[in-house]
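A.B. asks: no sequence on this one, just coordinates:
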């Protein structure tokens, strides 16, 4: 009975993500983003998330502000191309430090290769922010 209840709860929590036309799932333990379009895996890319002492929030988020080029107001004007903010100052964005992708390196944002960030940015524009979910898991 407890296992059945746990399964029902897990499916109910996952339902919004499964129903989203566009889903970017970030796995912190794998340092990888998987992009699903209409429920089908479309892309799998390495990312960099929070380094030791920093935090990348987990949960389900919607995309808020989007900027083709943003310069960090917190980290010395660092360039953040193809920025998609999902939780306050946290964003998915391109990075110039592509050699660090695949391992924790950021202050909390989700860093992507600039080409991948551009592709995701354009997918969000095509599907609409309201039809896009970001899911971050451990």
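C.D. replies: Alright, I've got the coordinates. Computed from a prediction, not measured in an experiment: that's the story for all the values here. Residues are numbered from 1 along each chain as shown.
A.B. asks: so where is this structure shaky, pLDDT-wise?
C.D. replies: Scanning the chain for pLDDT under 70 picks out 1-18.
A.B. asks: What are the boundaries of the strands in it?
C.D. replies: 22-27, 32-37, 40-46, 59-62, 66-71, 79-87, 90-94, 110-112, 132-137 (DSSP state E).
A.B. asks: Can you tell me which of those is most buried?
C.D. replies: strand 110-112 (a mean of 27; mean count of other Cβ atoms under 10 Å). The way it works is simple: take the backbone N, C-alpha and C, and place the C-beta from them, glycine included.
A.B. asks: other SSEs contacting it?
C.D. replies: Judged by 3 or more Cβ pairs under 8 Å, 6 or more residues apart in numbering; DSSP states H and E, the packing partners of strand 110-112 are strand 90-94.
A.B. asks: can you tell me which of the strands of the chain comes nearest to residue 103?
C.D. replies: Across those, residue 103 has its closest neighbour in strand 40-46 (8.5 Å, Cβ to Cβ).
A.B. asks: any chance of the strands of the chain in JSON lines, plus distance to residue 126?
C.D. replies: JSON lines is the format used below for these (distance: least, Cβ to Cβ, whole Å):
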{"stretch": "strand 22-27", "distance to residue 126": "8"}
{"stretch": "strand 32-37", "distance to residue 126": "9"}
{"stretch": "strand 40-46", "distance to residue 126": "12"}
{"stretch": "strand 59-62", "distance to residue 126": "16"}
{"stretch": "strand 66-71", "distance to residue 126": "12"}
{"stretch": "strand 79-87", "distance to residue 126": "13"}
{"stretch": "strand 90-94", "distance to residue 126": "16"}
{"stretch": "strand 110-112", "distance to residue 126": "17"}
{"stretch": "strand 132-137", "distance to residue 126": "10"}
